[in-house]
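K.L.:
Quick one, fold the following:
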Amino acid sequence: MNTFRTHNCGDLTVTDINSEVKISGWLNKKRDHGGLLFLDIRDFYGITQCVIDCEHENFHEIEGIKLESVVSVSGKVVERKEDTINKNISTGQIEIKVDKIDILNESEIIPFQVAVQDDAPEELRLKYRYLDLRRKNMRDNLILRSEIISFLRDRMRGEGFFEIQTPILSASSPEGARDFVVPSRLHAGKFYALPQAPQIFKQLLMVSGVDKYFQIAPCFRDEDARADRSPGEFYQLDFEMAFVEQSDIFKTIEPILFDLFNKFSSNMEVSKVPFEIIPYAKAISEFGTDKPDLRNPLRVVDISDCFENSGFKIFEENLKKGQVVKGIVVKNSSDRPRSWFDKMNNWAREQGQKGLGYIIYENDSAKGPIANNLKDENFKMIRDKIVINNGDSIFFISDKINEANLFASKVRDKLCEEFKLRKQNSFEFCWIVDYPMYEINKETNKIDFSHNPFSMPQGGMDSLINKAPLDILAWQFDIVCNGIELSSGAIRNHKNEIMVKAFEIAGYDTHKLREQFGGLFEAFKFGAPPHGGSAPGIDRIVMLLADVINLREIVAFPLNQQADDLLLGAPNYIDNKHLKELNIKTIDWEKNEVK
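P.N.:
Reported below is the predicted structural model:
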């Protein structure tokens, strides 16, 4: 028999009445009812109430014990009185009449409440993370994360995928975010890099003849923190398949995600398979972003041509400067007072815009500052493009194309919030496809890869030779849920001659390509199959299913936003002896000294 317990703290029910049992756990709560001491004992599985009579030999000792002390309790299971039943816990119909209680480890005064969900500062919670993880919501999040990963592993194996681990110590790559680097003791002056993703290795597995690979892959990127992004590491369901096209990848992962979100969400509607497919250009045009939240019913429409020779001089002049005009219609919105429209105009100015134009349509007539200066035939042109009925309003955005799209996305979200239009209790999935292969790098003003440089260009070599770089599309895609990017993926390039040309357009000569990606380049000489894959983010999936907006709520031991480990004190200084072994000297930049 286990020395410390016969049952867990969530096990006991009315079927155990009159049984002699033993439980162990943490003292969650303590209540003195004048002659009776009630103790809530908590472990990972639940809470059990225990009762000690004032005649018990340990009564006064236990009366003074601090919360979160570890105790072991032996006694008889008895039924609670009907008016004391707690329906909020699984053991709420019983309690243990204590015969013996041992203090296994007494706690000091805790820095914040564990039994109660108070608003303890996050920095304090991270410093005492082991206490924070005792809280029910944190425990539930850890369990959810574990069950999600187990589900994904089982489904991937069921689809014929093999789980294969790829190296953690690898070579640095010039692409993507900054690397975390690890100095080599044996090779002075050289460094390993922690992988930003298993990109090269999973492609090499395809060249190796592996047909379907996956792993729950740790990825490391030295980048700034966000609410949904850790500054250190994150995990993804990384998978790759040989001899596939884009549609094959969609058909493989869609039912897995559909079943996952159905299984681990309650009273939530999940997009039916197949998920909606939206070309990148359409997403940018209609939503202002390539991460559209489809729960928002509002759409953005380009109505630039409706304002040519329209009488509304501001937009006419903008069009002459190469700018665009976009509109968003909100149904049944004209009853808002003028002050509300003024408030929206002020909000737009706070966003750095000149304002937010609008037209109200009532009694078959257009009203408002813009309508007063707009020719009737031009408003008819607008109505031919967008359905506008009595009681509706239309809001206008005019700027350079990129700026207009960006602001239109904000306006769409703002209007959705103002009119409470967002669909509730729903997970809305979509694929964003047909990404541009190249873009203009804002820092260098030169052609650069827009996404994954190892993607296959649509049209292959012919596109690379005969199309302008900014017109070339790639076999790249994202999967988005409720406006959150869960994953990027692609059909990969598997031919060296196409890789050489693709990198040449982005400014890499063959020598540089082979120097930085020589392993993959060499492997492609020996027969690489067509292949592709994706990598849905575990952390973001768990965040959606746990209904939290902060990644640190679903990770056991996260760094804070400044990339500090407040629990163990990382990053920390390395002693000089260790630095010498690693052939490293540090620089005090303030004193300009080498140490």
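K.L.:
Low-confidence stretches in the stretch 101-250 of the chain?
P.N.:
Within the stretch 101-250 of the chain, the segments meeting pLDDT under 70 span 174-176, 227-228.
K.L.:
And the helices in it, which stretches?
P.N.:
In the stretch 101-250 of the chain, the helices defined using DSSP state H, counting those that start in this stretch lie at 122-127, 129-132, 136-158, 199-207, 246-263.
K.L.:
Of all those helices, which one comes closest to residue 41?
P.N.:
Minimum separation from residue 41 across the helices of the stretch 101-250 of the chain (Cβ to Cβ) falls at helix 136-158, 14.4 Å. (C-beta placed from N, C-alpha, C; glycine too.)
K.L.:
Present the helices of the stretch 101-250 of the chain as TSV; the columns should include distance to residue 75 and mean neighbour count.
P.N.:
Listed next are those as TSV, based on distance: least, Cβ to Cβ, whole Å; neighbours: other Cβ atoms under 10 Å:
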stretch	distance to residue 75	mean neighbour count
helix 122-127	34	16
helix 129-132	27	18
helix 136-158	24	15
helix 199-207	56	22
helix 246-263	38	18
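K.L.:
Residue 442 is nearest to which of the ones you listed?
P.N.:
Set against residue 442 and scored by Cβ to Cβ, these come closest in helix 199-207, at 23.9 Å.
K.L.:
Measure how far the closest one is from the centre of its chain, please.
P.N.:
Mean-position distance between helix 199-207 and its chain equals 25 Å (Cα atoms, centre = their mean, to the nearest Å).
K.L.:
Please work out how many residues are found near residue 225.
P.N.:
Using other Cβ atoms under 10 Å, residue 225 has 17 other residues around it.
K.L.:
show me what contacts it?
P.N.:
Taking Cβ atoms under 8 Å, 6 or more residues apart in numbering, we find residue 225 in contact with 231, 559, 560, 561, 562, 563.
K.L.:
Now the last one. Nearest residue, chain neighbours left out?
P.N.:
Right, residue 563. Closest residue in space to residue 563, ignoring its immediate chain neighbours: residue 231 at 4.0 Å, by Cβ to Cβ, 6 or more residues apart in numbering.
K.L.:
Most neighbours among the contacts of residue 225, which one?
P.N.:
Counting neighbours by other Cβ under 10 Å, residue 559 comes out on top of the contacts of residue 225 with 20 neighbours.
K.L.:
For that residue, which residues are in contact?
P.N.:
Going by Cβ under 8 Å, 6+ apart, the list of residues near residue 559 reads 225, 230, 231, 232, 565, 570.
K.L.:
I figured the second one was touching residue 556, is that so?
P.N.:
This means residue 230. No - between residue 230 and residue 556 there is no contact under Cβ atoms under 8 Å: 11.8 Å.
K.L.:
Relative to residue 170, which of the contacts of residue 559 is nearest.
P.N.:
Set against residue 170, the nearest of those by Cβ to Cβ is residue 232 (16.6 Å).
K.L.:
which intervals of the chain have sub-threshold pLDDT?
P.N.:
By pLDDT under 70, the weakly predicted segments of the chain are 1, 174-176, 227-228, 591, 593-595.
K.L.:
How is the chain partitioned into domains?
P.N.:
14-105, 296-421 (automatic domain parsing).
K.L.:
what about the longest one, start to end distance?
P.N.:
Domain 296-421 has an end-to-end distance of 6 Å (Cα to Cα, to the nearest Å).
K.L.:
burial measure for residue 371, as a count.
P.N.:
Neighbours of residue 371 using other Cβ under 10 Å come to 18.
K.L.:
quick one: it from residue 364, how far?
P.N.:
12 Å (Cβ to Cβ, to the nearest Å).
K.L.:
Including secondary structure and distance to residue 11, could the contacts of residue 225 go into TSV?
P.N.:
Below are the contacts of residue 225 laid out as TSV (DSSP: H, G, I helix; E, B strand; the rest coil; distance: Cβ to Cβ, whole Å):
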residue	secondary structure	distance to residue 11
231	coil	40
559	coil	36
560	coil	37
561	coil	40
562	coil	42
563	coil	41
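K.L.:
returning to what we had before: more crowded one of residue 230 and residue 556?
P.N.:
residue 230 (22 against 13).
K.L.:
If you count neighbours, what's buried in the helix or strand containing residue 404?
P.N.:
Taking DSSP states H and E as the criterion, residue 404 maps to helix 401-418. Residues 404-416 are the ones in helix 401-418 that count as buried (16 or more other Cβ atoms under 10 Å).
K.L.:
what does that helix contact?
P.N.:
Contact partners of helix 401-418, identified using Cβ under 8 Å, 6+ apart, comprise 284-285, 287-289, 293, 296-300, 323-326, 328, 330, 344, 347-348, 351, 353, 356, 395, 397-399, 421-422.
K.L.:
for stretch 486-494, same thing?
P.N.:
Stretch 486-494 is contacted from outside by 203, 206, 236, 244-246, 249, 257, 451-452, 454-457, 474-480, 499, 502, 524, 528-537, 540-541, using Cβ under 8 Å, 6+ apart.
K.L.:
go on, stretch 524-535?
P.N.:
If you take Cβ under 8 Å, 6+ apart as the criterion, stretch 524-535 is touched by 197, 202-203, 206-207, 213, 217, 236-246, 248-249, 253, 456, 475, 477, 479, 487-492, 494-496, 499.
K.L.:
next one: stretch 281-289
P.N.:
Residues from elsewhere that reach stretch 281-289 (Cβ under 8 Å, 6+ apart): 290, 292, 299-302, 405-410, 412, 432, 434, 483.
K.L.:
With stretch 22-38 instead?
P.N.:
Against stretch 22-38 from outside (Cβ under 8 Å, 6+ apart): 4-9, 12, 39-43, 47-54, 59, 62-63, 65-74, 95-96, 104, 107, 114-115, 134.
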